[in-house]
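In: no sequence for this one, just the structure:
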């Protein structure tokens, strides 16, 4: 049996943004009583809410996220439970658990603080050693339920980008994957001429012997 | 072997909108030389470019597109080649071809006119009879490579919405599915508190006996 789990924060008016970024605006521009139809308009920066960082975010790249192969955004998922750790480092068991071309999701539990100032200031970070390990494993993307896997000068970001590994930030609901034996991650950015993109990120879990979505 | 095909128009500055809607703006707000990182900002109405119409677009519904089950947005695809027809009607062969819970895509070839005024004024339309047929078949979504399956007063839209069938508009690249034996449609809207949403719409084609993504 296959089930979908939504790993995306809801886009609402004033959706939290990374400190320094312009605020998110969402408003109704047409309403059915007056115009016979409803319509909404969104004004948003590409690093608000759940989004995918492309290499152009921090590298002098000319490749927009719309030009990145779709194959990057869909793959077998691997959830690592890293709750309670302030610095995320490689562990021996990861050697077997993390497969080539997978999408690795780090479950810190930090999404419960989404919308608070602490969400940005005290979040766990990924060690450069762990980032090197992910590069060696040749994964497609690293996802995390915090605003960023590292802080200024963003060496983890830059190392991953240099190796064409993209980063999914501000995930939520990763606890719902703890019991999943097997799941596929579908993380679709907009097809947009931008460095990065807000995204819809979901998991398709599988139990009871179904198979076939391995790419 | 599985391959992805992108059915989405690229989001660019001044991406065409439905006549009367506010224009699309996309601009770079941070650049790596000055700020050490790149960022882009998008101002967009939810009916610009490739998007999914939710029932709230034309019905007095309180259900935002973010509240619609993910299961609606992913399903086995069925491409109908309707090129050259100005009015799309049911055909006997559709009785067998269109399965319950599928996502039906109408290939009119009209996407070549995207960005011209003719794109809106002379596009093919779906007959109410065909819409009733789709309701009877209990499909998940109807997709089309034009701006709309019908014109004012939008009876096809309203009939489909009353039966929880959503509509994908402004698709492109449907010709690339003509040779696909079997494909899955993944059409992800933003998770947004809006009537409808811009979306990334892709197909995963399958050839050579792979299987397993049937929901």
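Out: Yes, it's here. Here the structure is a predicted model, which means the values were calculated and not measured.

In: What helix or strand is the residue nearest the centre of chain A located in?
Out: In chain A, the residue lying closest to the centroid (Cα atoms, centre = their mean) is residue A:168, at 2.1 Å. Element membership of residue A:168, judged by DSSP states H and E, is strand A:166-169.

In: So what touches that strand?
Out: A:47, A:50-55, A:68, A:72-73, A:103, A:105, A:140-144, A:146-149, A:157, A:160-161, A:187, A:199, A:201 (Cβ atoms under 8 Å, 6 or more residues apart in numbering or on different chains). Every C-beta, even on glycine, is put in place using the N, C-alpha and C of the backbone.

In: Please identify the buried residues of whichever helix or strand comes after it?
Out: Beyond strand A:166-169 on the C-terminal side, the first helix or strand identified by DSSP H and E is strand A:182-189. Neighbour-count burial for strand A:182-189, counted by 16 or more other Cβ atoms under 10 Å in any protein chain shown, picks out A:183, A:184, A:185, A:186, A:187, A:188, A:189.

In: what are the ranges of the helices in chain A?
Out: For chain A, the helices defined by DSSP state H cover A:32-35, A:94-97, A:118-121, A:128-137, A:155-162.

In: helices and strands around the longest one, which ones?
Out: In other words, helix A:128-137. Contacts defined by 3 or more Cβ pairs under 8 Å, 6 or more residues apart in numbering or on different chains; DSSP states H and E place helix A:128-137 against helix A:155-162.

In: Beta-bridge partners for the closest residue in space to residue A:3 that isn't next to it in sequence, please?
Out: Nearest residue to residue A:3, sequence neighbours excluded (Cβ to Cβ, 6 or more residues apart in numbering or on different chains): residue A:205, at 5.1 Å. Beta-bridge partners recorded for residue A:205 (DSSP bridges): residue A:3, residue A:183.

In: what residues are up against residue A:205?
Out: A:2, A:3, A:4, A:5, A:177, A:180, A:182, A:183.

In: so how far is chain B from it?
Out: Separation of residue A:205 from chain B (Cβ to the nearest Cβ, to the nearest Å): 12 Å.

In: same deal with residue A:51?
Out: With Cβ to the nearest Cβ as the criterion, residue A:51 and chain B are 11 Å apart.

In: Need the per-residue pLDDT for the residue nearest to that residue when sequence neighbours are not counted.
Out: Excluding the flanking residues, the one nearest residue A:51 by Cβ to Cβ, 6+ apart is residue A:198, at 4.7 Å. Per-residue confidence for residue A:198 comes out at a pLDDT of 98.

In: ditto for residue A:117
Out: pLDDT, residue A:117: 88.

In: what's around the closest residue to residue A:6 other than its chain neighbours, how many residues?
Out: Leaving aside its sequence neighbours, residue A:6 sits nearest to residue A:202 (Cβ to Cβ, 6+ apart; 5.5 Å). By other Cβ atoms under 10 Å in any protein chain shown, the residues close to residue A:202 number 23.

In: you'd agree residue A:202 is up against residue A:8?
Out: Yes: counting by Cβ atoms under 8 Å, residue A:202 does reach residue A:8; the two are 7.2 Å apart.

In: related to what we said a few turns ago, export the helices of chain A as TSV, with columns for mean neighbour count.
Out: Shown next, in TSV, are those (neighbours: other Cβ atoms under 10 Å in any protein chain shown):
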stretch	mean neighbour count
helix A:32-35	10
helix A:94-97	12
helix A:118-121	13
helix A:128-137	18
helix A:155-162	20
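
In: Kindly reformat those helices as TSV containing distance to residue A:86.
Out: As requested, the helices of chain A are arranged in TSV below (distance: least, Cβ to Cβ, whole Å):
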stretch	distance to residue A:86
helix A:32-35	50
helix A:94-97	18
helix A:118-121	13
helix A:128-137	13
helix A:155-162	15
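
In: so what's residue A:80 up against?
Out: Neighbouring residues of residue A:80 by Cβ under 8 Å, 6+ apart: A:88, A:94, A:97, A:104, A:105, A:106, A:107.

In: and the gap between the residue of chain A most remote from its centre and chain B?
Out: Distance from the centre of chain A peaks at residue A:34, with 38.7 Å (Cα atoms, centre = their mean). Using Cβ to the nearest Cβ, residue A:34 is found at 13 Å from chain B.

In: Who does the closest residue to the residue nearest to the centre of chain A other than its chain neighbours form a beta bridge with?
Out: Spatial nearest neighbour of residue A:168, excluding adjacent residues (Cβ to Cβ, 6+ apart): residue A:143 at 3.6 Å. On the basis of DSSP bridges, residue A:143 is bridged to residue A:105, residue A:168.

In: how many neighbours does the nearest residue to residue A:27 once chain neighbours are set aside have?
Out: What sits nearest to residue A:27 in space, not counting adjacent residues and going by Cβ to Cβ, 6+ apart, is residue A:41, at 6.0 Å. Residues lying near residue A:41 (other Cβ under 10 Å) number 20.
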